[in-house]
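Engineer: sharing a sequence plus its predicted fold:
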Amino acid sequence: MRLQLNGAWLLALLGALGVQAAAVAAHAQTPSEPARYLLAASAGVPLRLTMTSELGQTRFAPAYTDALVGYVPAGQKGYGHGFGLGAALNLGRDGGYTAPLYAAQQLVLMPAYLGHYELSGDLLALAHLGVPIVVHGGPSAGLELGMLLDYRILAGAGIFAQLDVDAYAGAQSRMNVIASLALGVLLDYEVLP
């Protein structure tokens, strides 16, 4: 009886190890995504969903240009997580005579979480959740959620359209909400093993 019980335990243990070894082998055979360095550069037009008319704001905020550098570590096929840093600069004048903001006067830096997803061989989706911080031109901070859809025209380069929604504290203690549409170029460098 004791020998049979020990034999049963031994068989169960070997079976469990076999299952674990099979899982490890299957995981090793699962295709993985290489690490990636990303550089996105774009220009866009923001639409104010909330406005402060006392400051001379119009429905459309000044056009802007921005850049985002990011890194997505190697991982399994599908959704990848990463991080990035963005910088944006206004291209036009904003506001009336009470608080004018001139072209290239407002600099915004944004640390961000990145979500990377390959839709197909030529299509890539890249989402970000960031904290835009106005470092010059009226100190403020907020929250930005955005997503771009990139079409690869070459192996490591593509063109994209991006939609962003920003909410941040503005002048006179008001919440500013802006939606923007941008077009740009994405460089995607894969780090192959």
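Structural biologist: Received, thanks.
Engineer: how's this protein carved up into domains?
Structural biologist: According to automatic domain parsing, the chain comprises the domains 1-30, 33-191.
Engineer: worst mean pLDDT among those domains?
Structural biologist: Lowest mean pLDDT within those: domain 1-30, at a mean of 48.
Engineer: scan this structure for its longest strand.
Structural biologist: If you go by DSSP state E, the chain has its longest strand at strand 175-191.
Engineer: partner strands of it, parallel or antiparallel?
Structural biologist: Using DSSP bridges, the strands paired with strand 175-191 are strand 35-48 (antiparallel), strand 157-169 (antiparallel).
Engineer: in JSON lines, list the ones you listed along with distance to Q57 and mean neighbour count.
Structural biologist: Every C-beta, even on glycine, is put in place using the N, C-alpha and C of the backbone. Formatted as JSON lines, the strands paired with strand 175-191 follow (distance: least, Cβ to Cβ, whole Å; neighbours: other Cβ atoms under 10 Å):
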{"stretch": "strand 35-48", "distance to Q57": "6", "mean neighbour count": "18"}
{"stretch": "strand 157-169", "distance to Q57": "14", "mean neighbour count": "17"}
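Engineer: quick one: closest of the ones you listed to G184.
Structural biologist: strand 35-48 (2.7 Å; Cβ to Cβ).
Engineer: out of the domains of the chain, which one sits most buried?
Structural biologist: Mean neighbour count (mean count of other Cβ atoms under 10 Å) peaks for domain 33-191 among these, with a mean of 16.
Engineer: now stretch 120-134: how far from the chain's centre is it?
Structural biologist: 3 Å (Cα atoms, centre = their mean, to the nearest Å).
Engineer: output it as CSV, nothing but the C-alphas.
Structural biologist: Taking Å, rounded to 0.1, in the frame of the first residue of the first chain, the C-alpha atoms of stretch 120-134 are listed here in CSV:
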residue,chain,number,x,y,z
SER,A,120,-1.4,43.7,-39.7
GLY,A,121,1.9,43.8,-41.5
ASP,A,122,1.3,47.3,-42.7
LEU,A,123,-1.0,48.8,-40.0
LEU,A,124,0.1,49.8,-36.5
ALA,A,125,-1.9,51.3,-33.7
LEU,A,126,-0.1,53.3,-31.0
ALA,A,127,-2.1,54.7,-28.0
HIS,A,128,-0.7,56.9,-25.3
LEU,A,129,-1.8,58.2,-21.9
GLY,A,130,0.3,61.1,-20.8
VAL,A,131,0.6,64.1,-18.5
PRO,A,132,1.2,67.2,-20.6
ILE,A,133,3.1,69.8,-18.6
VAL,A,134,3.3,73.4,-19.9
